[in-house]
Structures are given as structure tokens and as C-alpha cells.
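Need coordinates for the following:
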Amino acid sequence: MNAIQLQRNLKRATIFVTKIRRNPNDTIFDLNCGAQVTVYHSTGVVVVRGKIKSFENTKKITKAMEMVAASKMRKA
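Alright, predicted model coming up:
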């Protein structure tokens, strides 16, 4: 997988590559969402590391909605 293929796969999610680091054994792509994709040349394995910020924000909103619902149930 090269940078162009990775960019095509991520285009729908509005995630793009901000930095590319090439090493003898692997290539590391830093993404604008805070995640990191590592492609190992010898095996072709792709590893995604890091948390995606939008997932964390969605988790916080869901937790807040659960707390509001719980307080409404107590009042009823």
C-alpha cells in the first residue's frame, strides 16, 4: 500500500495523510485525526494506532445523554 492508495481509501471519511515517514522495514502515515497507520514491507501487514477524536467526542455525548435520561427517570 502506498500513500495514494491509502488516501483513496480514506477519502470518503474526510481523513487525510499529514506526514509520511519511510523506514527500511516499514512506512508510517500520520493522519489528521490523530491516528497512525504503519505498513510493514516484509509482510504487508497494516496496523492502525491511536484514537480517532470523533469517536471520543461521540462517546462523551452518549454518556451525557444517558445521564440526562437517568435523571428524568428518577424525577418521573
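
Tell me where the chain has helices.
Secondary structure of the chain (DSSP state H): helices at 3-10, 53-75.

Next one: the nearest residue to Phe29 once chain neighbours are set aside relative to Met73, how far apart?
Spatially, and ignoring its direct neighbours in sequence, Phe29 is nearest to Val37 (4.4 Å; C-beta to C-beta, 6 or more residues apart in numbering). C-beta here means a position set from N, CA and C on the backbone, and glycine is covered the same way. To Met73, Val37 is 43 Å away according to C-beta to C-beta, to the nearest Å.

And those two? Which one has more around it.
More crowded of Val37 and Met73, by other C-beta atoms under 10 Å: Val37, with 20 against 8.

got a list of what the more buried one touches?
Residues near Val37 by C-beta atoms under 8 Å, 6 or more residues apart in numbering: Leu6, Ile28, Phe29, Leu31, Val46, Val47, Val48, Arg49.

Just give me the least confident of these.
Across these, the member with the lowest pLDDT is Leu6, scoring 67.

rewinding a little: what's the least confident stretch among the helices of the chain?
Minimum mean pLDDT among the helices of the chain: helix 3-10, a mean of 67.

Ile20 against Ile28, yeah?
Yes - between Ile20 and Ile28 there is a contact under C-beta atoms under 8 Å: 7.3 Å.

out of these two, which sits in the more crowded spot?
Higher neighbour count among Ile20 and Ile28: Ile28, with 15 against 12, using other C-beta under 10 Å.

gap between the more buried one and Thr58?
The gap separating Ile28 from Thr58 is 26 Å, by C-beta to C-beta.
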